[in-house]
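> The following comprises the amino acid sequence and a computationally predicted model.
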Amino acid sequence: MLKAPLTASPAPRRALHGWDVGGAHLKIARLDAAGRVEVGQWPCPLWTGLAALDAALDAACTRWPDLPEGAHALTMSGEMVDAFPDRAAGVQALVAHLAARLRGPLRVYAGEGPAGRWCQPAQAGRRWADVASANWQATAAWVARTLPEALLIDVGSTTSDLIVLRAGRLVEAGASDAERLHSGALVYQGVVRTPLCALGPSLPVAGRETGLMNEFFATTADVYRLLGMLDPAHDQQPAADGGAKEVAGSRQRLARMVGRDAAELPAEAWQALAAAFRARQLERLTGPLDALVSAHGLPPQAPIVAAGCGAFLAQALAVARGRPLWRLAATGPQPWPAGAPPLAGEAAWASVAAPSLAVAQLALADEEN
């Protein structure tokens, strides 16, 4: 378990926990009765079944023994893993499972649509389409309270969310994953789990354009380990070959992608290939980003707000497009100078677990109003 530093925030009446149940990680933000904020993330390979969620929950209870007795606000994206027959069943299973494990009151986030932001666990099955993969809406609604005009870029381990805010509202780019994939607001590019063959078909290797193998030999975590950009604390998933998550192992996995062994070329060649993969991934994000900005007329002075364990890619996009840069902190967005070093260590956790923190802060604000 990893946690963010204690930070001042408005105090709930009791400990309030924001939950983001993803397909690969469980993220929890805790706002305690003294107004302090902590954020934790645990590996949770939900595709293996609900036992993975139980293991992550048990680890969270080791950190916070009183967690089940607190108040809880839940969002998710893990309903679509193939452990469930469909998304409706996934929403129902996750909500019911947590409702059975948690003793304090539980509310379920249902997006920013006209039917209302929250629903009770018993209503989640009927409103499953509002609940499913709505975690990005929570982050956007939280950011919009501070920055009514912005482009939120949340680059996670698996996916990237590109969300345009105009006049304090989320622009219409689709609510479901299918609609957002079509509009470009959801891009399946992340900095840990994305297979490198998804960035093909070819890249230069030692001066020659070389095809990439369509095999699960390496992931983007290998790229960002070699480039020194991925915080080891955020590198919680196994390597593609189950091997060591260090420089030598990452070089060997990159070498397999182009039919080589790492010993065949000097270290500089593998660094160059890693940089080429990074450039290709930025290209995969830049096209949809530019299209969304153009479609919705986002003003040039509107900032990019960076979130996620890949916030360093959002930082690069802000520099490339000449936009002001902000980052997410425990109490909301804060300016982040474009030349500042990438977020790392404790300072990054509020950004990494943004949806869990957002849903907790939204729940707290709604309780106070």
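Now that the structure is in, tell me what you want to look at.
> Tell me which stretches of the stretch 201-350 of the chain form helices.
Ranges of helices in the stretch 201-350 of the chain, per DSSP state H, counting those that start in this stretch, are 220-226, 247-257, 267-296, 311-321, 349-352.
> Turn the ones you listed into TSV, columns for mean neighbour count.
From N, CA and C alone the C-beta is placed, and that goes for glycine too. Below are the helices of the stretch 201-350 of the chain laid out as TSV (neighbours: other C-beta atoms under 10 Å):
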stretch	mean neighbour count
helix 220-226	26
helix 247-257	21
helix 267-296	17
helix 311-321	21
helix 349-352	27
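> of all these, which lies closest to residue 68?
helix 349-352 (22.3 Å; C-beta to C-beta).
> helices and strands around the closest one, which ones?
strand 37-43, strand 304-307, strand 325-329 (3 or more C-beta pairs under 8 Å, 6 or more residues apart in numbering; DSSP states H and E).
> can we see that at 7 Å?
Helix 349-352 sits against strand 37-43, strand 325-329, with contacts defined as 3 or more C-beta pairs under 7 Å, 6 or more residues apart in numbering; DSSP states H and E.
> Let me know which of those strands is the nearest to residue 168.
Nearest to residue 168 among these is strand 325-329; the distance by C-beta to C-beta comes to 15.3 Å.
> what's the angle from the closest one to helix 311-321?
160 degrees (axes from the mean of the first three to the mean of the last three C-alpha atoms, to 10 degrees).
> which residues touch strand 325-329?
147, 303-307, 311, 315, 318, 333-336, 338, 343, 350-351, 354 (C-beta atoms under 7 Å, 6 or more residues apart in numbering).
> before we move on, what about stretch 20-27?
Contacts for stretch 20-27 (C-beta under 7 Å, 6+ apart): 41-47, 53, 56, 75-78, 81, 94, 135, 157-158, 193, 236-237, 353, 355-356, 359.
> mind redoing it with 8 Å?
Residues outside stretch 20-27 that contact it (C-beta atoms under 8 Å, 6 or more residues apart in numbering) are 19, 28, 39-47, 53, 56-57, 60, 74-78, 80-81, 94, 98, 135, 157-158, 193, 236-237, 352-353, 355-356, 359.
> Is it possible to mark the buried ones in those residues?
By neighbour count, with 16 or more other C-beta atoms under 10 Å, the contacts of stretch 20-27 hold 19, 28, 39-42, 44-46, 53, 56-57, 60, 74-78, 80-81, 94, 98, 135, 157-158, 193, 236-237, 352-353, 355-356, 359 as buried.
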